[in-house]
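Trainee: My questions concern the predicted model and sequence given below.
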Amino acid sequence: MSSGQTEGELRQDIERTRQQLGETAEALAAKADVKARAKQKANQVKEQAAARANQVKEQAAARAGQAKDQAASGRLSSPSAVAAAAAVVFAGIAVWLWRRP
């Protein structure tokens, strides 16, 4: 107690140090858990892929609707209709593949 601290102050200082040490140990353990971190990253990538697949599906559906409207009005040539239909089929397959377990 040469630093002028009372016994109570020393106890509080020790308790703060223990708490900080515990938090540091928890942080290090979380960083060292490679399996959990890999699983978390895989889930994140899976969610991003599903979101992107859904976006592509919506875009393909919108384009197919436009192509259908144009075909109905007679402004679409036959090769364009085939290309639009192929794009919709491709997008559907891509979404199906992304969502497969």
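Mentor: Perfect, thanks for sending it. Numbers count the residues shown, from 1 in each chain.

Trainee: now the strands for this protein?
Mentor: With DSSP state E as the definition, the chain shows no strands.

Trainee: Show me the domain layout of it.
Mentor: For the chain, the structural domains run 1-32, 34-99, going by automatic domain parsing.

Trainee: Would you reformat the ones you listed as TSV and include mean pLDDT?
Mentor: Shown next, in TSV, are these (pLDDT from 0 to 100):
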stretch	mean pLDDT
domain 1-32	87
domain 34-99	80
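
Trainee: Need the winner for burial among the ones you listed.
Mentor: Comparing these by mean neighbour count (mean count of other Cβ atoms under 10 Å), domain 34-99 ranks first with a mean of 13. All C-beta atoms are positioned from the backbone trio N, CA, C, and that covers glycine.

Trainee: what distance separates it from the centre of its chain?
Mentor: 18 Å (Cα atoms, centre = their mean, to the nearest Å).

Trainee: where along this structure do the helices fall?
Mentor: 7-32, 34-72, 78-99 (DSSP state H).

Trainee: And the longest one, what does it pack against?
Mentor: Packed against helix 34-72, as judged by 3 or more Cβ pairs under 8 Å, 6 or more residues apart in numbering; DSSP states H and E, are the following elements: helix 7-32, helix 78-99.

Trainee: okay, these in CSV with distance to Gln70 next?
Mentor: CSV is the format used below for the helices and strands packed on helix 34-72 (distance: least, Cβ to Cβ, whole Å):
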stretch, distance to Gln70
helix 7-32, 55
helix 78-99, 8
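
Trainee: Which one, of those, ends up nearest to Ala53?
Mentor: helix 78-99 (4.0 Å; Cβ to Cβ).
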